[in-house]
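*Asks:* sharing a model prediction with you, sequence too.
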Amino acid sequence: MDIRQLETFVHVANFKSFSKAAEKLYITQPTVTNHIQNLEKELGTILINRSGKNISLTDAGNLFYKYAINIINTCEMAKFDLGSYKGRVQGHLYIYSSSVPRKYILPKILASFSKKYPEVTYTISNKDSKDIINSILEGDTDFGIVGASFISNKLEYIDMVVDELVLIAPNTEHFNKPNYSVLTIEEILKEKILLREEGSGTRHILLNCLKSKGISIDNLNILGYIEDTETIKELVSLGLGVSFMSKRGVLQDVEIGKYKAYYVEGLELKRKFYFVYHKKRQLSPLNEAFKSFVLDYIKKQ
């Protein structure tokens, strides 16, 4: 039984796609198919139902899946422990994070982790909270840092830090109140608003808070939906509209007068950032080491 065949089987099972598994493993789709067929031939049973575009595990596939995971992780654990024994732990971590924690929380964690494991390398991807959750549930990644929680019995959310949203507005005579003073909801509803994309933790918190006040997205004068926070900041500074941003992400710009920042009366726009992981999935040794490190780091804060 070839370990590469097991890895291919696990990726196909997680992604429910031969093409996505091929992309993840950097091999061709025919190679994926060949690995699965050879594995099924050796085991004498069908592991994967192939019905058009729909892919699912057979009963035998579901039974074998946990053994495949354990075999792969046992091999990885052996490599990890031998590396630790030799004083060298190597590997590559894929970390998904929403924009604010990626800039202001994750770097400190990685700096500490790198001191302990200097030969581990990283790929850090910026995704919104909803996309990160979907990636974990679909098996594309094991954990991430998000700014909103979405209910699932498969996920564990660990509180990291508390963040607060503020309204940022053009630094013009129209907004003549001092920074961090209070505007009314009625004043905000008159302004053109630049809103984050659907799936953003910032947008999720804002709309839920407005909904509690009887205000729907249809009541807002929305100028545009924008994924990138830096683009939104630039548009606000140019006078195109107002937006809601993490307070910790705008402090320096407000200090130099790029735009102004306000609280909104009646809106409690505080949120938590979470380290989220799949609580029913056995992780690779390196991913488990990183998860344990992050959980310990959070406890010490």
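*Replies:* Yep, it's here. Numbering: from 1, shown residues only.
*Asks:* what are the buried residues along the longest strand anywhere in the chain?
*Replies:* Looking across the chain with DSSP state E, the single longest strand is strand 155-170. Residues of strand 155-170 classed as buried: 155-158, 160, 163, 165-170 (neighbour count, 16 or more other CB atoms under 10 Å). Any C-beta I mention is one placed from the backbone N, CA and C, and that applies to glycine too.
*Asks:* and what of stretch 130-147?
*Replies:* 130-133, 135-137, 139-147.
*Asks:* what about these, which are in helices?
*Replies:* 130-133, 135-137 (DSSP state H).
*Asks:* hmm, back to that, list the strands paired with the helix or strand just after the longest strand of the chain, with their directions.
*Replies:* For strand 155-170, the following helix or strand on the C-terminal side (DSSP states H and E) is strand 182-183. Neighbouring strands of strand 182-183 in its sheet, by DSSP bridges, are strand 259-264 (parallel).
*Asks:* all strands for the stretch 101-250 of the chain, in order.
*Replies:* Residue ranges of the strands in the stretch 101-250 of the chain, as given by DSSP state E, counting those that start in this stretch, are 120-126, 143-146, 155-170, 182-183, 192-196, 221-226, 243-246.
*Asks:* the third one packs against which elements?
*Replies:* Right, the one you point to is strand 155-170. Packing partners of strand 155-170 (3 or more CB pairs under 8 Å, 6 or more residues apart in numbering; DSSP states H and E): helix 129-137, helix 201-212, helix 229-237, strand 243-246, strand 259-264, strand 270-278, helix 285-300.
*Asks:* report the angle between the axes of it and helix 285-300?
*Replies:* 60 degrees (axes from the mean of the first three to the mean of the last three CA atoms, to 10 degrees).
*Asks:* pull the CA atoms of strand 155-170 into PDB?
*Replies:* Output in PDB follows, covering the C-alpha atoms of strand 155-170 (Å, rounded to 0.1, in the frame of the first residue of the first chain):
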ATOM      1  CA  LEU A 155     -15.900  23.500  14.700                       C
ATOM      2  CA  GLU A 156     -14.300  24.700  17.800                       C
ATOM      3  CA  TYR A 157     -13.900  28.500  18.300                       C
ATOM      4  CA  ILE A 158     -11.300  29.800  20.800                       C
ATOM      5  CA  ASP A 159     -11.500  33.500  21.800                       C
ATOM      6  CA  MET A 160      -8.300  35.400  20.900                       C
ATOM      7  CA  VAL A 161      -8.900  39.200  21.400                       C
ATOM      8  CA  VAL A 162     -11.800  41.700  21.500                       C
ATOM      9  CA  ASP A 163     -12.000  44.200  18.600                       C
ATOM     10  CA  GLU A 164     -14.200  47.200  18.100                       C
ATOM     11  CA  LEU A 165     -15.600  48.700  14.900                       C
ATOM     12  CA  VAL A 166     -15.600  52.400  14.300                       C
ATOM     13  CA  LEU A 167     -17.100  54.500  11.500                       C
ATOM     14  CA  ILE A 168     -14.500  56.200   9.300                       C
ATOM     15  CA  ALA A 169     -15.400  59.300   7.400                       C
ATOM     16  CA  PRO A 170     -13.700  61.900   5.100                       C
END
